[in-house]
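Undergrad: What follows is a predicted protein model with its sequence.
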Amino acid sequence: DAGVTQTPRHEVAEKGQTIILKCEPVSGHNDLFWYRQTKIQGLELLSYFRSKSLMEDGGAFKDRFKAEMLNSSFSTLKIQPTEPKDSAVYLCASSPDWVQDTQYFGPGTRLLVL
Amino acid sequence: QQKVQQSPESLIVPEGAMTSLNCTFSDSASQYFAWYRQHSGKAPKALMSIFSNGEKEEGRFTIHLNKASLHFSLHIRDSQPSDSALYLCAVTGYQNFYFGKGTSLTVIP
């Protein structure tokens, strides 16, 4: 079975640009997560979907971050407008059932905002 | 809001040593506890998980959970250089889940 795929793997953006990150979860998984990872803050949850419904919109990340799940096999994370502090690794993960099962992570997108 | 904390932040051990990593949580109703390992530049990958109090062993790895003391741990027997990575603990509560910030482990040959 294919794992979680993410594109692009690397992204460089100018401050103020709009960028869209893409994720394809493991086939058959009900739950999809978007995280941001930095050395200082660790893993921060941005959004969480269960069966395509948005369950968690990331609180403090709501203003400029918007995740969508267009169908059960594809999700996007839009950052608009980007700021230098958004430079981080963005990870997508999926799970059959987050309550009692592990999450399977994609390779991540490394974003640099200049 | 659940608080999940890991200790130590970083650890350096010689090859062959026993390594112990700790994770504390604040919600006694938490249901599911897991450890993830993340090698440098790679995605986190689930290592082991446990639901109920006690111990679970898989190869060189043992996970121990004590819900009453709000603590669970990962023990690595005969640590290898390939075990060098960031170790993340994860705790699932009622309608929420949290990751710790991680322990960076370096195993020196």
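TA: Nice, I can see it.
Undergrad: middle-most residue in chain A, spatially?
TA: Nearest to the geometric centre of chain A sits A:Trp34, at 2.9 Å (C-alpha atoms, centre = their mean).
Undergrad: What's the first helix or strand after the strand or helix carrying it?
TA: Using DSSP states H and E, the element containing A:Trp34 is strand A:31-38. As assigned by DSSP H and E, the chain's next helix or strand after strand A:31-38 is strand A:42-50.
Undergrad: now that next one, how far from the centre of its chain.
TA: Remark: strand A:42-50 is offset 7 Å from the chain centroid, using C-alpha atoms, centre = their mean, to the nearest Å.
Undergrad: Can you work out which other helices and strands pack against that strand?
TA: strand A:31-38, strand A:53-56, strand A:65-71, strand A:74-79 (3 or more C-beta pairs under 8 Å, 6 or more residues apart in numbering or on different chains; DSSP states H and E). Using the backbone N, CA and C atoms, a C-beta is placed for each residue, glycine as well.
Undergrad: would you turn those into a markdown table with mean pLDDT?
TA: A markdown table is the format used below for those (pLDDT from 0 to 100):
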| stretch | mean pLDDT |
| --- | --- |
| strand A:31-38 | 93 |
| strand A:53-56 | 81 |
| strand A:65-71 | 91 |
| strand A:74-79 | 96 |
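Undergrad: now those in JSON lines, with distance to A:Ser47?
TA: Converted to JSON lines, the helices and strands packed on strand A:42-50 look like this (distance: least, C-beta to C-beta, whole Å):
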{"stretch": "strand A:31-38", "distance to A:Ser47": "5"}
{"stretch": "strand A:53-56", "distance to A:Ser47": "6"}
{"stretch": "strand A:65-71", "distance to A:Ser47": "4"}
{"stretch": "strand A:74-79", "distance to A:Ser47": "7"}
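Undergrad: Turn those strands into a markdown table, including distance to chain B.
TA: As requested, those are exported to a markdown table (distance: least, C-beta to the nearest C-beta, whole Å):
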| stretch | distance to chain B |
| --- | --- |
| strand A:31-38 | 8 |
| strand A:53-56 | 9 |
| strand A:65-71 | 17 |
| strand A:74-79 | 16 |
